[in-house]
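Q: Need a 3D model of the sequence below.
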Amino acid sequence: MPRLFTGIEIPPEIGLALSAYRGGLPGARWIDPENYHITLRFIGDIDERMADDVCSILGDSRWREPITVTIEGLDTFGGGKPRAVFARATGNGELADLQAEQERMMRQIGLAPETRKFIPHVTLARLKNVSPIDVADYMAARGHFAKLTFTFDRFVLYSSRASVGGGPYVIEAAYPLG
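A: Residues are numbered from 1 along each chain as shown. Below you'll find the model as predicted:
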């Protein structure tokens, strides 16, 4: 079974704007814009029975309002040993509430709790053995970031195949909001 996670699709025009930040960082593996997304709940590698349970319970989502998201700046994960460059996203608390609902659902069907804190973001590049100084220079050169805003009215269940990060991702199911 492929690796599964829920997420929010990034509209093409937002993806195009984010793709302007590609390049200028030696050693970065840039994510293709068609694979940009905001992960809500990582599920992982599961068997077919559990995948059916995931699909079924996500269909019971009570969230019925479209959510507006603002992408408002660049950041990194990893501190002194950077491992990713990402664009920060906010959703006025609604994004965190939707993620929390999905976390409860996944626990209800027996999946282990997610141990990482939810930080809404769009990964732009994965970093391995990239100099922290190069990352700092990259971030300093891109200090001005025009906010990008969009509203989404569905979340999706993605699958990913074994690869070196960054996709390709496949939409297995979509769940409308509103």
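Q: Could you use CA atoms for every contact and neighbour count after this?
A: Noted.
Q: would you say residue 34 is within a helix?
A: Yes. Membership of residue 34 in a helix is supported by DSSP: H, G, I helix; E, B strand; the rest coil.
Q: In terms of pLDDT, where does it sit?
A: The model reports residue 34 with a pLDDT of 94.
Q: which phi and psi does residue 79 have?
A: Backbone torsions of residue 79, given as degrees, to the nearest 10, read phi 60, psi -120.
Q: typo on my end, residue 16
A: Note on residue 16: backbone dihedrals following degrees, to the nearest 10 are phi -60, psi -40.
Q: Contacts only, for it.
A: Counting by Cα atoms under 8 Å, 6 or more residues apart in numbering, residue 16 makes contact with residue 33.
Q: Likewise for residue 95?
A: Residue 95 makes contacts with 67, 69, 120, as judged by Cα under 8 Å, 6+ apart.
Q: Contact partners for the first one?
A: Residues counted as contacts of residue 67 (Cα under 8 Å, 6+ apart) are 91, 94-95, 151-153.
Q: Show me the residues you listed that map onto helices.
A: Residues of the contacts of residue 67 located in helices (DSSP state H): 94-95.
Q: For this protein, identify the residue most remote from the centre.
A: residue 133 (25.7 Å; Cα atoms, centre = their mean).
Q: give me phi/psi at that residue?
A: For residue 133, the backbone dihedrals are phi -70, psi -40 (criterion: degrees, to the nearest 10).
Q: returning to that earlier point: columns pLDDT, distance to residue 7 and secondary structure on top of the contacts of residue 95, output as TSV?
A: Converted to TSV, the contacts of residue 95 look like this (pLDDT from 0 to 100; distance: Cα to Cα, whole Å; DSSP: H, G, I helix; E, B strand; the rest coil):
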residue	pLDDT	distance to residue 7	secondary structure
67	95	13	strand
69	97	13	strand
120	97	10	coil
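Q: thinking again about what came up before, so which of the contacts of residue 67 is the most crowded?
A: Each of the contacts of residue 67 was scored for neighbours by other Cα atoms under 10 Å, and residue 95 scores highest at 20 neighbours.
Q: can you give me the helices for this structure?
A: Going by DSSP H, the chain shows helices at 12-19, 48-58, 94-108, 132-141.
Q: Select, out of those helices, the one closest to residue 35.
A: helix 12-19 (8.9 Å; Cα to Cα).
Q: Any idea how far the closest one is from the middle of the chain?
A: Centroid separation between helix 12-19 and its chain, computed with Cα atoms, centre = their mean, to the nearest Å, is 14 Å.
Q: low pLDDT regions in this structure?
A: For the chain, applying pLDDT under 70 flags the ranges 1, 162-167, 178.
Q: hang on, the earlier thing: Throw the contacts of residue 67 into TSV and include distance to residue 52, thanks.
A: Listed next are the contacts of residue 67 as TSV, based on distance: Cα to Cα, whole Å:
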residue	distance to residue 52
91	29
94	27
95	25
151	28
152	25
153	23
